[in-house]
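> model this:
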Amino acid sequence: MLKGRCDCGKVRFEVPEVRKTVTICHCGQCRRSSGHTWASTHAPFEELQFTTDEGLTWYESSDFAKRGFCKFCGSSLFYRMNTEDGIGIAAGCLESPTGLEIGKHIFVKDKGDYYDITDDAPQIQKF
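Sure, this is the predicted structure:
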């Protein structure tokens with residue numbers, strides 16, 4: 001069972017299993033909402049169990065998706081497409097060891113001008 005949480009602990013959750021790869025998103029919206037890039041794995045939403053959700057709130061970031069974060073500490077935790085059964089989970093909020101590795105970079109054409117992508121993971125210009 002993997003455990004995750006926000007910085008202040010007012011959102012805590014468990015999930016039995018997640019996708020073993022992390023997708024790094026470089027789009028402008030993800031960079032603005034996370035402060036850099038959005039690194040996430042994925043799991044079926046129904047398998048996500050909240051042990052504490054006092055701080056959990058959702059922001060409709062577009063007409064097709066929403067983002068979950070803690071309203072107390074501001075931790076960006078989740079990304080969920082309105083038409084999908086799964087949920088993107090911020091890789092950084094999971095307790096180690098995760099066993100995860102970077103699988104791909106998406107929206108590379110929108111990446112910030114202040115960094116380079118230096119790993120060997122596939123780079124997808126859009127998605």
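
> Low-confidence regions, this structure specifically.
Applying pLDDT under 70 to the chain flags residues 127.

> Can you show me the strands along the protein?
2-5, 12-15, 21-25, 38-44, 49-52, 56-59, 65-70, 76-81, 86-90, 101-106 (DSSP state E).

> Any buried residues in stretch 117-127, and which?
Residues of stretch 117-127 classed as buried under the neighbour-count rule (16 or more other Cβ atoms under 10 Å) are Gln123. No exception for glycine: its C-beta is placed from N, CA and C like everyone else's.

> I meant to write stretch 106-120 there.
Buried positions in stretch 106-120, judged by neighbour count with 16+ other Cβ under 10 Å: 106-108, 111.

> Send me that stretch as CSV with only the CA atoms.
What follows is stretch 106-120, C-alpha atoms only, in CSV (Å, rounded to 0.1, in the frame of the first residue of the first chain):
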residue,chain,number,x,y,z
ILE,A,106,4.8,15.6,-22.4
PHE,A,107,4.1,19.1,-23.8
VAL,A,108,7.8,19.6,-24.3
LYS,A,109,7.2,22.3,-26.9
ASP,A,110,5.8,24.4,-24.0
LYS,A,111,8.7,23.8,-21.5
GLY,A,112,10.2,26.7,-19.6
ASP,A,113,13.3,28.4,-21.1
TYR,A,114,15.2,28.1,-17.8
TYR,A,115,15.9,24.3,-17.8
ASP,A,116,16.9,21.4,-20.1
ILE,A,117,15.5,17.9,-20.1
THR,A,118,18.6,15.7,-19.6
ASP,A,119,17.2,12.2,-19.1
ASP,A,120,16.6,9.6,-21.8
